[in-house]
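>>> Need coordinates for the below:
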Amino acid sequence: MDSAAHPDHGPDELCPAGAALYERALRAGHVPVREADGTPCLLDFGLLHPSVEEEARLEPVAPAVALHRLLSTCEERIARERRREARLADLFDPLMRIGGALTATGAPAAVAVLSGSDRIGRAITEAMAAGHDELLAIQPHISHTRTPLTARADALARDQEFLTRGGRIRTLYQHTLRHAPSVLARYEQLSGDAEARTLDEITDRLLVVDRAVAFIPANTDRTLALEIRHPVIAGFLATAFDRLWRLATPMYPRAAQPPAQAGFSSRQHAIAALLVEGHTDTAIAERLGMNVRTARVHIAKLAATLGSESRAQLGYLIGRSGILDREA
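Residues are numbered from 1 along each chain as shown. Take a look at the predicted model:
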């Protein structure tokens, strides 16, 4: 069956090919990705999702979990959409009689795998549209160099709508973005309770909406993401963000210079700590969001200031200098 000829339909009118493939996936525990080319409805409706462990496979969501998710969406729609509930119940009734040994039980209800930037973006937009309190975000330095301009514009509009409804946005960046024009321009365009701070080192991308739903990358190129609705995990991630936030330096609306310690700048302090841990120049640059040449310039300045003649001696002198003494 050609995917171009796939008929438009809703989840309550699942096509025969889709129903057959989903039933086979439930019985086997997975199906090859190529077999779903003709039934894109299964991915669109969340009945199948990519396997994190095996990229060539699609895994089925338990029928009871999929039914609950679809019914919850229906309940949030206007009254005419409620007629779909009965059709969905009829559709999933025979599927739920299939043994559930090969499908996860409670996990998919709390953690969903999202595939593709468009689907990830839609899920974030839906979560923010349902939210009203607070958005916590960690944005690594790579996000502003790889994100297309249209996606940035959509994210800006989404954030402004959230702020207009009375929500609050707090974002953590790396120190290397403190003076980035794209970041500063973003906050100048936003109107509302939006605040940004910076740290030398931050985690990979994280979004937490109302401390109830979180989004994190599921692979290195961020084409897969996890949507986490487990209250304990979402709360844990929000608490971790709060602790990083208290350590961070204000960037917007009031900029502050990172404090110097023992006569050295905050950047030199961060580099010195990583040098003592034995990291290479490349690893230091990657963790602090700078290029290798800049990292080596800072290392050379440290060596010159401390009078070091070798890498090993530099580590020894750093330990004696007091750079790493946060009480200094």
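>>> Show me where the stretch 101-250 of the chain has its strands.
With DSSP state E, counting those that start in this stretch as the criterion, the stretch 101-250 of the chain has strands at 111-115, 134-138, 168-174, 193-199, 206-209, 213-217, 224-228, 249-252.
>>> closest one to Ala295 among those strands?
Proximity to Ala295, assessed across those by CB to CB, is greatest for strand 168-174 (13.2 Å). All C-beta spots, glycine's among them, are computed from the backbone N, C-alpha and C.
>>> Counting neighbours, what do you get for Ala17?
Per other CB atoms under 10 Å, the neighbour tally for Ala17 reads 16.
>>> so it is in which element?
helix 16-28 (DSSP states H and E).
>>> what residues are up against Glu53?
Counting by CB atoms under 8 Å, 6 or more residues apart in numbering, Glu53 touches no other residue.
>>> Now the phi/psi pair for it, please.
Dihedral angles of Glu53 (phi, psi; degrees, to the nearest 10) stand at phi -80, psi -30.
>>> Tyr187 - nearest residue in space that isn't next to it in sequence?
Distance criterion CB to CB, 6 or more residues apart in numbering; nearest residue to Tyr187, sequence neighbours excluded, is Tyr252 at 4.5 Å.
>>> Sorry, wrong one. I was asking about Asp200.
In space, and not counting its chain neighbours, Asp200 is closest to Ala270: 3.8 Å by CB to CB, 6+ apart.
>>> hang on, the earlier thing: tell me what the residue nearest to Tyr187 is bridged to.
Taking DSSP bridges as the rule, Tyr252 bridges to Ala196.
>>> do the same with Ile228
Counting by DSSP bridges, Ile228 is bridged to Val111, Ala214.
>>> Can you tell me which of the strands of the stretch 101-250 of the chain is most buried?
Of these, the one with the most neighbours on average (mean count of other CB atoms under 10 Å) is strand 206-209, at a mean of 23.
>>> List the contacts of the residue nearest to the spatial centre of the chain.
The centre of the chain sits closest to Ile216, judged by CA atoms, centre = their mean, with a distance of 3.0 Å. Applying CB under 8 Å, 6+ apart, we find Ile216 in contact with Asp204, Arg205, Leu206, Ala225, Leu226, Ile228, Leu237.
>>> For these, point out the one with the lowest pLDDT.
Across these, no position has a lower pLDDT than Asp204, which has 89.
>>> how about the helices in the stretch 201-328 of the chain?
Using DSSP state H, counting those that start in this stretch, the helices found in the stretch 201-328 of the chain span residues 231-247, 266-276, 281-288, 292-306, 311-321.
>>> Look up how far Ile271 lies from the residue nearest to the centre of the chain.
27 Å (CB to CB, to the nearest Å).
>>> and if you look at Leu184?
Distance, Leu184 to Ile271, using CB to CB: 25 Å.
>>> domains in the protein, as residue ranges please.
Listed domain ranges for the chain are 3-105, 110-252, 266-321 (source: automatic domain parsing).
>>> Now the terminal residues of the second one, how far apart.
So that's domain 110-252. Domain 110-252 has its terminal residues 34 Å apart, counting by CA to CA, to the nearest Å.
>>> Poorly predicted segments of the stretch 101-250 of the chain, please.
Within the stretch 101-250 of the chain, the stretches with pLDDT under 70 are 101-109, 141-149.
>>> swap the cut-off to 50 and go again
Along the stretch 101-250 of the chain, the parts satisfying pLDDT under 50 run over 106-108, 143-145.
>>> Dump the strands of the stretch 101-250 of the chain to TSV, plus distance to Leu156.
Shown next, in TSV, are these (distance: least, CB to CB, whole Å):
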stretch	distance to Leu156
strand 111-115	21
strand 134-138	13
strand 168-174	11
strand 193-199	11
strand 206-209	15
strand 213-217	18
strand 224-228	20
strand 249-252	14
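>>> follow-up on the earlier one: export only the CA atoms of the helix holding Ala17, formatted as CSV.
Output of helix 16-28 as CSV, limited to C-alpha atoms (Å, rounded to 0.1, in the frame of the first residue of the first chain):
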residue,chain,number,x,y,z
PRO,A,16,-8.0,-2.1,7.8
ALA,A,17,-4.3,-2.1,6.9
GLY,A,18,-3.5,-0.1,10.1
ALA,A,19,-5.6,-2.2,12.3
ALA,A,20,-4.0,-5.4,10.9
LEU,A,21,-0.5,-4.1,11.4
TYR,A,22,-1.2,-2.8,14.9
GLU,A,23,-2.6,-6.2,15.9
ARG,A,24,0.4,-7.9,14.5
ALA,A,25,2.7,-5.6,16.4
LEU,A,26,0.8,-6.3,19.6
ARG,A,27,1.3,-10.1,19.1
ALA,A,28,5.0,-9.9,18.1
